[in-house]
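Trainee: Provided below are the primary sequence and the corresponding predicted coordinates.
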Amino acid sequence: MADTTRTTTSATPASPTTASDATTTAPASKTAMRMTRARADAIFAERLARHHDELRWLYMELYDNGDMFAELCDEMKRFFDARDNKLKKLDLAREEAGAWYRATDMVGMQMYIDNFAGTIKGVEKKLDYIERCHVNYIHLMPFLDTPADKSRSDGGYAVSDFRRVKPELGTMGDLAHLAATCHAKGISLCMDFVMNHTSDEHEWAQRARAGEGEYMSRYFFVRDQGIIDRYTRDVPQVFPTTAPGHFTYLPELDQCVMTQFYPYQWDLNYRNPRVFNEMMYNFLFLANQGIDIIRIDAVPYIWKQLGTNCRNLKQVHTIVRMMRMIGEIVCPGIVLLGEVVMAPVEVAPYFGTVEKPECHMLYNVTTMATTWNTVATRDARLLRQQTDIVCSLPRSYTFLNYLRCHDDIGWGLDYGTLSTWGMAEVPHKQYLNDYFQGHTPGSVSRGELYNADPVTGDARFCATTASMCGIEAAGFEGDDAAMDIAIRKDIMLHAYMFTQSGLPIIYSGDEVGQVNDYAYKDDPEKAEDSRYIHRGAFNWDLAEKIEEPGSVQQRIFDTLRALEDIRRGEPVFSADADVHTKDYDDTSILWIVRSRGGKTLHAVFNFSDDAKTIWMPETAEYTDLVSGETAEIATIAMPSWGFVWMLR
Ligand code: GLC
């Protein structure tokens, strides 16, 4: 094994103590304790040995700093030692089970703690509702400490302390408690790890602002306007309207600091091994609280290189690969979920290779955007092509499927293909944005633009699923017939999400058809950011209406639950099923075939305002999985925005 001897380093790493340490029970006798310790040490040594050479190679390639690598190894051991025994057992069970997050009984929900239940303790009290939703994966939106002023927190994505929970939401102890309670119920927890930047109120940023060189080297400070101009030329803007530019001027230092996102989010300098090490310690600290899935936020942006577009550089992959190995050494039960909102060709490489995996799971972002494109165009050809691309990837690649999240929908579509069908990029984006704002005749969608760029004419879009499907418009107009169609569309899109291999995620509120919340406009700290339109507080009155037969909420809630039940019970939904699309002579129809264990599922979706007659491939006995009826079938009468799951 290569030398990992530790010598002095420039700053002492923070302690690996976990909030759950206090709850760990000591083994009965000293001998038993020594044996447990010896066994644990052997497990750690074996895991480290498995990855050591590759980890060291990559680390030295990037940093050429043996002392810092030695420190990293020491710290991994300290975090391993501090890891709760229950979590260690879960690690072993998950190592044995393999890709546990791919099971078809997994259903996720993403939520802001304050919106859902006020505090972390509040979430714990509401677990019965979460279980009622059949949800066994909760993504708690950013809850670490951020500036109190919401206009400087980016919805929690400007972290000022990676080891402290926002006081109004609770404490690290509450989090560890929630995680333990969730584990006892078979629920896993996901959290964001915002690794590209810190808030300008983070201690490092404050010390950098005070001129301490050690801390300035953790960010990118620039005086030379020429360099700033080159970045401006080569690097695309993230928030062209709400936060234009890549640098923020700091008068106290008479220098600019790199801020690719908002001016108060300072980009971390991963060329500095101290940044990498400290961020890995933060990651392990959070994993030790009992977090199961770490969502690595904005990961493509973490390595900067003048003269490039600073996206997806090879060093990013080196860092993610190292993070994967560090996780596998200390806490192999955890999953890395990469937030890679990029063109499809850039996304799949974040899975790494079979021998050298990076992320366990990635967002299926292109499929999500293409789904809404299909809603607006009633043309399923691009979605079919996108489905085929996903199906051609190795089955071990696991995607997180979703209809919408807390962010805007960016129209990252395959414009090469669309243009061959007469849909050029700029007018097509304009069409989509007009359609979803409800400006196009026949559109029932409601929502708002996000970061409309006056220079490029580009804009993204924000709204809840229900509002995009017409539930808001139909409710406002009191139009029952329109409501029936809107609910059907909403359910059909969820059914399509459940049909895909991977982990389906529902945004909290979507399960009861919650519509846009315009209240953010009255809050000066939020008014500038239209993403708050779909981040409204969860409406518990709506949740009560699931008890009212025939209510919008009951119809959506019960149907989604029924679909989840079917999904978990039928092997054709397994991540190992064969999946392909089927040619059908109607461009509004998307037809997906899933086969497994001698059974075949025909999942057919009508992306059209018209009813359709669907011809089955052959007259035969099929079971309609939704109604449970089995009959000999040649054709199916499908309403507008309807779907079927037919099993043979
Ligand atoms: C991610 C988050 C987004 C945030 C950004 C900056 O993309 O999803 O909400 O604004 O990172 O941290």
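Mentor: Yep, that arrived. Numbering: from 1, shown residues only.

Trainee: give me the secondary structure label for the one residue in the stretch 351-500 of the chain that gets nearest to the ligand.
Mentor: Here the stretch 351-500 of the chain gets closest to the ligand at one residue, Asp407, 4.7 Å apart by Cβ to the nearest ligand atom. No exception for glycine: its C-beta is placed from N, CA and C like everyone else's. Following DSSP: H, G, I helix; E, B strand; the rest coil, the label given to Asp407 is coil.

Trainee: count of neighbours near it?
Mentor: 18 (other Cβ atoms under 10 Å).

Trainee: which non-adjacent residue is nearest it?
Mentor: Distances taken as Cβ to Cβ, 6 or more residues apart in numbering place Arg531 nearest to Asp407, at 6.1 Å, with adjacent residues excluded.

Trainee: dump stretch 496-503 to PDB, restricted to CA.
Mentor: Taking C-alpha atoms only, stretch 496-503 is exported to PDB below (Å, rounded to 0.1, in the frame of the first residue of the first chain):
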ATOM      1  CA  TYR A 496     -45.900   7.600 -17.800                       C
ATOM      2  CA  MET A 497     -43.300   8.500 -15.100                       C
ATOM      3  CA  PHE A 498     -44.100   5.200 -13.300                       C
ATOM      4  CA  THR A 499     -43.700   3.300 -16.500                       C
ATOM      5  CA  GLN A 500     -40.100   4.300 -16.900                       C
ATOM      6  CA  SER A 501     -37.300   2.300 -15.200                       C
ATOM      7  CA  GLY A 502     -35.800   4.100 -12.300                       C
ATOM      8  CA  LEU A 503     -36.900   6.000  -9.200                       C
END
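
Trainee: wait, what's in contact with the nearest residue to Glu425 once chain neighbours are set aside?
Mentor: The shortest distance from Glu425 to any non-neighbouring residue, by Cβ to Cβ, 6+ apart, is to Tyr415 (4.2 Å). For Tyr415, the contact set (Cβ atoms under 8 Å, 6 or more residues apart in numbering) comprises 423-425, 428.

Trainee: read off the pLDDT value for the closest residue to the ligand within the stretch 451-600 of the chain.
Mentor: Closest residue of the stretch 451-600 of the chain to the ligand, Cβ to the nearest ligand atom: Arg531 (7.0 Å). Arg531 carries a pLDDT value of 97.

Trainee: mind listing what's buried in the longest strand out of those in the chain?
Mentor: Assignment by DSSP state E gives strand 612-624 as the longest strand of the chain. Buried residues in strand 612-624, defined by neighbour count with 16 or more other Cβ atoms under 10 Å: 612, 614, 616, 622-623.

Trainee: what pairs with whatever helix or strand comes next after that strand, and is each one parallel or antiparallel?
Mentor: Using DSSP states H and E, the helix or strand that follows strand 612-624 in sequence is strand 630-638. Partners of strand 630-638 in the sheet, by DSSP bridges, are strand 612-624 (antiparallel).

Trainee: centre of the chain versus the strand it pairs with, how much separation?
Mentor: Between the centre of strand 612-624 and the centre of its chain there are 36 Å (Cα atoms, centre = their mean, to the nearest Å).

Trainee: quick one: residues in contact with that strand.
Mentor: 582, 584, 586, 588-589, 602, 604, 606, 629-638, 644-648.

Trainee: repeat that for stretch 299-307.
Mentor: So stretch 299-307 is contacted by 195-196, 220, 227, 230-231, 234, 238, 258, 260, 267-271, 310-313, 315-316, 319-320, 338-342, 346, 350, 359 (Cβ under 8 Å, 6+ apart).

Trainee: is it in proximity to the ligand?
Mentor: No. For stretch 299-307, no contact with the ligand is found by Cβ under 6 Å from any ligand atom; the gap never falls below 8.6 Å.

Trainee: get me the contact residues on the stretch 401-550 of the chain for the ligand.
Mentor: Counting by Cβ under 6 Å from any ligand atom, the residues of the stretch 401-550 of the chain close to the ligand are 406-407.

Trainee: would you map the strands across the stretch 401-550 of the chain?
Mentor: 448-450, 460-462, 503-507 (DSSP state E, counting those that start in this stretch).

Trainee: in the chain, where is pLDDT below threshold?
Mentor: 1-28 (pLDDT under 70).

Trainee: okay, now whichever residue of the chain sits closest to the ligand: neighbour count?
Mentor: Per Cβ to the nearest ligand atom, Tyr157 is where the chain lies closest to the ligand, at 3.3 Å. Taking other Cβ under 10 Å as the criterion, the count of residues near Tyr157 is 22.

Trainee: so how far is Val455 from the nearest residue to Thr440 once chain neighbours are set aside?
Mentor: Spatial nearest neighbour of Thr440, chain neighbours left out: Asp434 (5.0 Å); criterion: Cβ to Cβ, 6+ apart. Look at Asp434 and Val455: by Cβ to Cβ, to the nearest Å, they are 19 Å apart.

Trainee: ok, and for the helix or strand containing Lys86, which residues are buried?
Mentor: Using DSSP H and E, Lys86 maps to helix 85-97. For helix 85-97, the buried set under the neighbour-count rule, 16+ other Cβ under 10 Å, comprises 86-88, 90-91, 94.

Trainee: stretch 350-361 too?
Mentor: Neighbour-count burial for stretch 350-361 [16+ other Cβ under 10 Å]: 350-352, 357-361.

Trainee: just put those in JSON lines and tack on secondary structure and distance to Met76.
Mentor: Shown next, in JSON lines, are those (DSSP: H, G, I helix; E, B strand; the rest coil; distance: Cβ to Cβ, whole Å):
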{"residue": "Tyr350", "secondary structure": "helix", "distance to Met76": "23"}
{"residue": "Phe351", "secondary structure": "helix", "distance to Met76": "24"}
{"residue": "Gly352", "secondary structure": "strand", "distance to Met76": "20"}
{"residue": "Pro357", "secondary structure": "strand", "distance to Met76": "18"}
{"residue": "Glu358", "secondary structure": "coil", "distance to Met76": "18"}
{"residue": "Cys359", "secondary structure": "coil", "distance to Met76": "20"}
{"residue": "His360", "secondary structure": "coil", "distance to Met76": "19"}
{"residue": "Met361", "secondary structure": "strand", "distance to Met76": "23"}
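
Trainee: mind listing the helices in the stretch 301-450 of the chain by residue range?
Mentor: Assigned by DSSP state H, counting those that start in this stretch, the helices in the stretch 301-450 of the chain fall at 314-330, 344-347, 365-377, 381-391, 415-420, 425-436.

Trainee: packing partners for the helix of greatest length in the chain?
Mentor: Secondary structure of the chain read by DSSP state H shows that its longest helix is helix 30-63. Under the contact definition 3 or more Cβ pairs under 8 Å, 6 or more residues apart in numbering; DSSP states H and E, helix 30-63 sits against helix 66-82, helix 85-97, helix 273-287, helix 314-330.

Trainee: so is the host helix or strand of Leu189 next to the ligand?
Mentor: According to DSSP H and E, Leu189 maps onto strand 188-193. No. Taking Cβ under 6 Å from any ligand atom as the criterion, strand 188-193 and the ligand are apart, separated by no less than 7.5 Å.

Trainee: parallel or antiparallel, which strands does that strand pair with?
Mentor: strand 137-140 (parallel), strand 293-296 (parallel).

Trainee: save the ones you listed as a markdown table, and put in distance to the ligand and mean neighbour count too.
Mentor: Below are the strands paired with strand 188-193 laid out as a markdown table (distance: least, Cβ to the nearest ligand atom, whole Å; neighbours: other Cβ atoms under 10 Å):
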| stretch | distance to the ligand | mean neighbour count |
| --- | --- | --- |
| strand 137-140 | 11 | 24 |
| strand 293-296 | 8 | 24 |
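
Trainee: mind putting those into CSV with distance to Lys166?
Mentor: Formatted as CSV, these follow (distance: least, Cβ to Cβ, whole Å):
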stretch, distance to Lys166
strand 137-140, 11
strand 293-296, 17
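
Trainee: so which of those strands is nearest Tyr112?
Mentor: strand 137-140 (8.0 Å; Cβ to Cβ).

Trainee: could I have the closest one exported to PDB, CA atoms only?
Mentor: Taking Å, rounded to 0.1, in the frame of the first residue of the first chain, the C-alpha atoms of strand 137-140 are listed here in PDB:
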ATOM      1  CA  TYR A 137     -37.800   8.100  -0.100                       C
ATOM      2  CA  ILE A 138     -37.900  11.700   1.100                       C
ATOM      3  CA  HIS A 139     -35.800  14.400  -0.400                       C
ATOM      4  CA  LEU A 140     -35.600  17.100   2.200                       C
END
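
Trainee: that'll do, ta.
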